[in-house]
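Chemist: can you look at this prediction? I've put the sequence above it.
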Amino acid sequence: MDKSEPICRPIDEHATRIPRESGLLPSLYIPIAARNIAAIELYVGRVTRQLTPRSLDRAVLVHAYEPEKPDSRLAIWDVPEAVVLHFPTQVWVHVDYNEYRFAYQRAFPDCDLSKLVLDHVMNRRVARHKGFHFLRIVPIAGPVNTSHGSLSEGWAVEYHSSPEMLKKNRLSRAMVQYADLSDIVKMLNIKGGGSLMDNVNEAQKLVDLPDENGQRRKSATLP
């Protein structure tokens, strides 16, 4: 197949529980973590560039495969920031690689990062517990998102470091992890007062299907 032709992105059926529990439709199955480079190239996209020439497979530029067509009934697709979710070119980095800001700047030299925090969508400690070695990174506005995120990520670290979850994660057949609703909150840069869960609950309106009268939610504008 000609590499210039768009490839429809396969779904890792072993990894769909997390987005389904967040009430997300398949058009919102967004890969944020992968076991290895092979998993990226199978379920995320084609690696087109090494961003660390002196050390291969530490940070890579990925040309994402075509996701499922967005469901126009969802209010989230009216949000301008939603372009980041399935952005066609993405930076993925090894969980132990620390120079990811420089790698991202190499990938997107025209992007002004001076007022942004470059963050892994999935917490790195959680990723290590779950056996994911590569993570997607995105620029977000801080410090609001990072302060809220640190609290929920602390809970996740404690949860996934338990003997029961370590065993369960070792046995998992999922090669990637898809975003849950709180991950989408981070990626959309949803800010405002209250707790992280307040923002997550507000974001739920963006991914809900219309009600029985066909009325869409009116909260498509981020606070």
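Modeler: Structure's in. What do you need?
Chemist: next, the residue sitting nearest the centre point of the chain: phi, psi?
Modeler: The centre of the chain sits closest to Ile32, judged by Cα atoms, centre = their mean, with a distance of 3.6 Å. The phi/psi pair for Ile32 (degrees, to the nearest 10) reads phi -130, psi -10.
Chemist: okay, and the beta partners of Phe134?
Modeler: Under DSSP bridges, the beta-bridge partners of Phe134 are Ala34, His94.
Chemist: tell me how many other residues surround it.
Modeler: Neighbourhood size, Phe134 [other Cβ atoms under 10 Å]: 26. The way it works is simple: take the backbone N, C-alpha and C, and place the C-beta from them, glycine included.
Chemist: you'd agree it is up against Ala38?
Modeler: No: Phe134 lies out of contact with Ala38 (Cβ atoms under 8 Å); the separation is 10.1 Å.
Chemist: rewinding a little: the residue nearest to the centre of the chain: what's it in contact with?
Modeler: Neighbouring residues of Ile32 by Cβ atoms under 8 Å, 6 or more residues apart in numbering: Val121, Met122, Leu135, Arg136, Gln177, Tyr178, Ala179, Asp183.
Chemist: state the number of residues packed around the nearest residue to it once chain neighbours are set aside.
Modeler: The shortest distance from Ile32 to any non-neighbouring residue, by Cβ to Cβ, 6 or more residues apart in numbering, is to Val121 (4.1 Å). Neighbourhood size, Val121 [other Cβ under 10 Å]: 21.
Chemist: with just CA atoms, put the helix or strand hosting Asp198 into PDB.
Modeler: Assigned by DSSP states H and E, Asp198 falls within helix 196-207. Extracted C-alpha coordinates of helix 196-207, given in PDB (Å, rounded to 0.1, in the frame of the first residue of the first chain):
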ATOM      1  CA  LEU A 196     -11.000  18.200  38.700                       C
ATOM      2  CA  MET A 197     -14.200  16.100  39.100                       C
ATOM      3  CA  ASP A 198     -16.300  19.200  38.600                       C
ATOM      4  CA  ASN A 199     -14.500  19.800  35.300                       C
ATOM      5  CA  VAL A 200     -14.900  16.100  34.300                       C
ATOM      6  CA  ASN A 201     -18.600  16.300  35.100                       C
ATOM      7  CA  GLU A 202     -18.900  19.400  32.900                       C
ATOM      8  CA  ALA A 203     -17.000  17.700  30.100                       C
ATOM      9  CA  GLN A 204     -19.400  14.800  30.200                       C
ATOM     10  CA  LYS A 205     -21.900  17.100  28.600                       C
ATOM     11  CA  LEU A 206     -19.600  17.400  25.600                       C
ATOM     12  CA  VAL A 207     -19.500  13.600  24.900                       C
END
